[in-house]
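J.: Please find the sequence and the predicted model below.
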Amino acid sequence: MLIPIGHDQYVMRRRPVVTLAIIAMCTAIFLAEWTSSTADADRERDLLVDAVRYYLQYPYLTPHPLVRQALDAALKQAPDEIQEAVTERLEHPPEARLLTLRQEELDRLTQPWIDLVTQQVSWRWGLVPARYSPIQLLTYMFLHAGLMHLIGNMIFLWVSGPIIEDVWGRPLFILFYLISGVVSAALFMMHYPDMGVPLIGASGAIAGVLGAFLVRYPLVKIKFSYLFFFRFRTFFAPAWLMLPLWAAGELYQARLMDADTAMGNHVAYWAHVWGFAFGMLVAVLVQVFDLERFIKKSIDLQLAMGDNPLLNDVQRALANDRTAEACSLLQRELTRDPRNEEAARIYWGLLLQLDRVRDGGAIFYRIAQAKLRDGDEEAALRDWEDLRERLPECDPDLPFQITIAECLLRQQRWTEAQHELQSAFNRTDRQTGAAILLQLAKAALALDPELAAAAAARAREYPGLAIALREEIDTLQQRAVAACGK
């Protein structure tokens, strides 16, 4: 069995409060329910004993669906002589009047047990398709049938939830999570409208998060753990491979269980399938409408505020629509401390909102470079695209533009990377430092050897080169020329 335990994309801007709250709520509810169910366990067993004995004596009777499983299990565990006697009785049912009386007696013996069970939390707040109430579409996803059920669901949520919460923001994430649970349950009920036992568990909602994870982070490598010869081992595999395999397995199980009506109604595979599909659909819509761009600005502002008194004054000014005052406060802070990245983040966000990008070129580079240092290339690229869109004529400093091209190369965005590298080279001259030209040549080598050779040749012309640097440039130039000849 493969257990997901992490992934390689853990650059998050803030604590996943919503994910932690869901895990805490599910755990607390499970512990509370487990405590009460443990107290009722002995009473449940005592109430069922007489019914089991009566059923074994008259096995041709029809027990209530809720107790059939327990009664059939008791029959399987009975000694051979009892099973033989039961088989013989099945072959000789009594006449109709006596059969009716014995059926009424079995129903009388099982009714107290049914009354007790249906008063449990899972029955009151779980989703019973045959007689559900709308509130159960929400409450069912916070209940779990056992410890392993809870742990399994929470592991999947912890692996996938924080990263989606981080890029979508807390309000959208909790709304998406709850709607995923509702949609998956509603579509599950279409398959089993007459199901008389409760559907419980967060797996439908979590499947929605997994679907969003696949669309948003298809290249992320998920870390799995498995037991092999009594030792736990791990491996990484991309989301684009493992999550579709998981979804296909759930679909196969759903179709398989549909063929067995005795078991199909007790398994929520269809909730997993529909939750996963819904999550993918929402993630695609978020990308199509570019909602993350707007969410990101709001999160950046919140992050930048922190506990800084001056930034709190800025927040109050913004809350009262005094944007000019907020800008003035931020300018004053950046004049006092040009390295204050928190103030710079807020100021850049304000300039974007006010469409005053021209006033913030230096601020933009500081923020984008900070994001690159933190390893958040996607955020830096989004800012760069935003700047290019609003200010096409901007001329960034060359090292930054080359670094952006390197990020684009790593994301296999070849055309955009080529454009940035060519643009950077066109802005170089004999005064451009050899180190900058060497960085450009290295970035262009695999994508455009001719450009790399030209950049290396221009670097070679720089006066006063150190011997080691000259040798490195010569080596790179030779490789570029050789690549051009292929």
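T.: It's in.

J.: which helices and strands does the strand or helix carrying residue 284 pack with?
T.: Using DSSP states H and E, the element containing residue 284 is helix 269-288. Contacting helix 269-288 under the criterion 3 or more CB pairs under 8 Å, 6 or more residues apart in numbering; DSSP states H and E are the following elements: helix 170-191, helix 203-216, helix 239-258. For glycine as for every other residue, the C-beta is placed from the backbone atoms N, C-alpha and C.

J.: so of these, which one's packed in deepest?
T.: Mean neighbours per residue, mean count of other CB atoms under 10 Å, is largest over the helices and strands packed on helix 269-288 for helix 203-216, with a mean of 27.

J.: list the helices and strands that one packs on?
T.: helix 147-168, helix 170-191, helix 239-258, helix 269-288.

J.: Can you add mean pLDDT and give those helices back as CSV?
T.: Listed next are the helices and strands packed on helix 203-216 as CSV, based on pLDDT from 0 to 100:
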stretch, mean pLDDT
helix 147-168, 93
helix 170-191, 95
helix 239-258, 92
helix 269-288, 95
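
J.: Indicate which one of those is closest to residue 23.
T.: helix 147-168 (5.1 Å; CB to CB).

J.: Just want the angle from the closest one to helix 269-288.
T.: If you take axes from the mean of the first three to the mean of the last three CA atoms, to 10 degrees, helix 147-168 sits at 10 degrees to helix 269-288.

J.: Not counting sequence-adjacent ones, nearest residue to residue 102?
T.: The shortest distance from residue 102 to any non-neighbouring residue, by CB to CB, 6 or more residues apart in numbering, is to residue 58 (5.1 Å).

J.: go on, residue 313?
T.: Distance criterion CB to CB, 6+ apart; nearest residue to residue 313, sequence neighbours excluded, is residue 329 at 5.9 Å.

J.: How about residue 440?
T.: residue 455 (4.6 Å).

J.: just to revisit the earlier point, tell me which residues in the helix holding residue 284 are buried?
T.: For helix 269-288, the neighbour count (16 or more other CB atoms under 10 Å) marks 269-280, 282-283, 286 as buried.

J.: Pick the one among the residues you listed closest to residue 386.
T.: Distances from residue 386 to the buried residues of helix 269-288, taken by CB to CB, are shortest for residue 286, at 17.0 Å.

J.: And that closest one, how far from residue 376?
T.: 18 Å (CB to CB, to the nearest Å).

J.: Is residue 461 in contact with residue 431, as I believe?
T.: No - the pair residue 461 / residue 431 is not scored as a contact, 10.9 Å apart, by CB atoms under 8 Å.

J.: about what we covered before: the helix holding residue 284 versus helix 239-258: what angle between them?
T.: Calculated by the same axes, to 10 degrees, helix 269-288 forms an angle of 150 degrees with helix 239-258.

J.: what residues does helix 269-288 touch?
T.: With contact meaning CB atoms under 8 Å, 6 or more residues apart in numbering, helix 269-288 is reached by 168, 176, 179-181, 183-185, 187-188, 191-192, 199, 203-216, 243, 247, 250-251, 253-254, 257, 291-292.

J.: again with stretch 455-473
T.: Contact with stretch 455-473 is made by 425, 428, 430, 432-435, 437-438, 440-441, 444, 474, 476-477, 480, as judged by CB under 8 Å, 6+ apart.

J.: Lowest-confidence one in those residues?
T.: Of all the contacts of stretch 455-473, residue 430 has the smallest pLDDT value, namely 81.

J.: what about that residue, which SS state?
T.: At residue 430 the chain is in coil, as set by DSSP: H, G, I helix; E, B strand; the rest coil.

J.: And it, its phi and psi?
T.: Backbone torsions for residue 430, taken as degrees, to the nearest 10, come to phi -70, psi -10.

J.: do the same with residue 423
T.: Torsion angles at residue 423 (phi, psi; degrees, to the nearest 10) stand at phi -60, psi -40.

J.: what's the spacing between it and residue 398?
T.: 10 Å.

J.: for residue 238, what are its contacts?
T.: 218, 219, 220, 221, 222.

J.: neighbours of residue 158, just the number please.
T.: Residue 158 is flanked by 18 other residues according to other CB atoms under 10 Å.

J.: The one 10 residues further on now?
T.: The number of residues packed near residue 168 is 24, by other CB under 10 Å.

J.: I figured it was touching residue 176, is that so?
T.: Yes - the criterion here is CB under 8 Å, and residue 168 meets it with residue 176 at 6.9 Å.

J.: any common contacting residues for the two?
T.: Contacts common to residue 168 and residue 176, judged by CB under 8 Å, 6+ apart, are residue 212.

J.: For residue 444, see how far away the spatially most central residue of the chain is.
T.: By CA atoms, centre = their mean, the chain has its centre lying nearest to residue 160, at 3.1 Å. Separation of residue 160 from residue 444 (CB to CB): 37 Å.

J.: now the closest residue in space to residue 449 that isn't next to it in sequence, what's its secondary structure?
T.: Nearest residue to residue 449 in three dimensions, chain neighbours excluded: residue 483, at 3.6 Å (CB to CB, 6+ apart). Under three-state DSSP, residue 483 falls in the helix class.

J.: What is the burial count for residue 483?
T.: 15.

J.: So it sits against residue 445, correct?
T.: Yes - the criterion here is CB under 8 Å, and residue 483 meets it with residue 445 at 7.0 Å.

J.: okay, and the common contacts of these two?
T.: Joint contacts of residue 483 and residue 445 (CB under 8 Å, 6+ apart) are residue 452.

J.: how far does the lengthiest helix in the chain sit from the chain's center?
T.: The longest helix of the chain (DSSP state H) is helix 17-57. Remark: helix 17-57 is offset 30 Å from the chain centroid, using CA atoms, centre = their mean, to the nearest Å.
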